[in-house]
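**Q** Got a predicted model here, sequence first, then my questions.
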Amino acid sequence: MEEMGHRHLGLGRRPVFLASIILLTVAGIWCTFSGSLTSHIAGRNIMSLAAGQSEALSPLMIHEIHFLHEPSKKLSWFIFVQNVSVGLFFIATQYLVASYGWRWWYGLFTIINGVVVVLAFFFAAETAFDRPFADMTGQSTEDGKHTKVTIASHRQAMTSISGSVWDGLSIIARRPQWRRIPSFYLGVLKGFCIAPVVWAFLLNGAWLGLYVFQAAAFAPILMKPPYLFSFTNLAFVQGSQIIVCLIFLPLLGYGGDFLAKYLAKRNNSMYKPEYRLLSLAFSLHCWYHHHDHLRKSCRCQGPVHMELGQRSSHLQCWLLRFPRREYRRYHLRG
């Protein structure tokens, strides 16, 4: 994923996103018609490369097209749609596989990805455009003076921008900047020298590992006594994330943005990225009260999915703002 990851800096988000979705579709076709276990595993490896890349780009693109006080709820809706879709996919494919065989799991997956390729080609515009550093810190330069960027001034500036709505839909909508690739790797190296970033990286890895473990272990447990789940009913256990998403993700997404705005106003309208970490307390509290149910796979699904979703949302909001250490101002009124 890292090998493809630096290319979005040189070419832009759109071409790399499209390439990853196309690669994901091709890998799905490969797995569908694989004739041996070796071929199947090879296709899965390529599929994981493409899926990780497209999923990593999506939060970055969401951040780039929204204001500083909006990413939490926007990311929550992204995770909401993603998890609900995955839950429904598990339920649908469980019956599909039981009736027609495992290849149809990849068949349906590939059909969905093919539709996404078409939609992304026409609607996923380029979001990587050069932005002045002053704008990224909440101020802009005008006639040698620094003026605050507000929602009203931003909208007024947007009306003066010339161009067509189709400008961002070219295959490569910006001039390639390959010279930025070395600085990307240098930035990654510097990031791992910062303790909070390493902590976020380890936390993310730990929770993903736990998710993979419970996803791999719950089926053998629940199909044995005393649970005796049928093969088709196992999908409803994995689909429990739908309930979590319906209740908690929108609530905590909007709540995270509200908390960030509230704390910024109390801090003389100065925003700090660390405000995003406070919302983790609710999901951690929920997980703490359910840690004794880890042996009961069916019960641990809710806390695991909720913690994964909120951990992902709030850590992404924090890390994507972390490198720019200047504390920005919120100006929420015209």
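**A** The structure has been received and is ready for your questions.

**Q** Please make it C-alpha for all contacts and neighbour counts, starting now.
**A** Fine.

**Q** With just CA atoms, put the helix or strand that contains residue 185 into PDB.
**A** Counting by DSSP states H and E, the element that carries residue 185 is helix 180-191. C-alpha atoms of helix 180-191 as PDB (Å, rounded to 0.1, in the frame of the first residue of the first chain):
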ATOM      1  CA  ARG A 180       7.400  15.600  -3.700                       C
ATOM      2  CA  ILE A 181       7.900  11.900  -3.400                       C
ATOM      3  CA  PRO A 182      11.300  12.000  -1.500                       C
ATOM      4  CA  SER A 183       9.800  14.500   1.000                       C
ATOM      5  CA  PHE A 184       6.900  12.100   1.500                       C
ATOM      6  CA  TYR A 185       9.200   9.300   2.700                       C
ATOM      7  CA  LEU A 186      11.100  11.800   4.800                       C
ATOM      8  CA  GLY A 187       7.800  13.000   6.400                       C
ATOM      9  CA  VAL A 188       6.900   9.400   7.200                       C
ATOM     10  CA  LEU A 189      10.200   8.800   8.800                       C
ATOM     11  CA  LYS A 190       9.900  12.000  10.900                       C
ATOM     12  CA  GLY A 191       6.300  11.000  11.800                       C
END
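
**Q** Who are the packing partners of it?
**A** Packing partners of helix 180-191 (3 or more Cα pairs under 8 Å, 6 or more residues apart in numbering; DSSP states H and E): helix 7-11.

**Q** which residues in the stretch 101-250 of the chain form strands?
**A** Secondary structure of the stretch 101-250 of the chain (DSSP state E, counting those that start in this stretch): strands at 139-142, 145-148.

**Q** In stretch 94-105, which residues are buried?
**A** Neighbour-count burial for stretch 94-105 flags 94, 95, 96, 97, 103, 104, 105 (criterion: 16 or more other Cα atoms under 10 Å).

**Q** how about low-confidence regions in the chain?
**A** Along the chain, the parts satisfying pLDDT under 70 run over 1-10, 68-69, 129-150, 154, 156-167, 173-174, 276, 278-334.

**Q** any idea where the helices of it begin and end?
**A** In the chain, the helices defined using DSSP state H lie at 2-5, 7-11, 13-32, 37-64, 71-100, 103-123, 133-136, 151-159, 180-191, 195-222, 234-238, 241-266, 280-288, 297-321.

**Q** Distance to residue 170 added to these, as a markdown table?
**A** Putting the helices of the chain into a markdown table (distance: least, Cα to Cα, whole Å) gives the following:
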| stretch | distance to residue 170 |
| --- | --- |
| helix 2-5 | 20 |
| helix 7-11 | 12 |
| helix 13-32 | 8 |
| helix 37-64 | 16 |
| helix 71-100 | 24 |
| helix 103-123 | 9 |
| helix 133-136 | 25 |
| helix 151-159 | 20 |
| helix 180-191 | 21 |
| helix 195-222 | 34 |
| helix 234-238 | 39 |
| helix 241-266 | 32 |
| helix 280-288 | 39 |
| helix 297-321 | 26 |
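
**Q** Okay then, goodbye and thanks.
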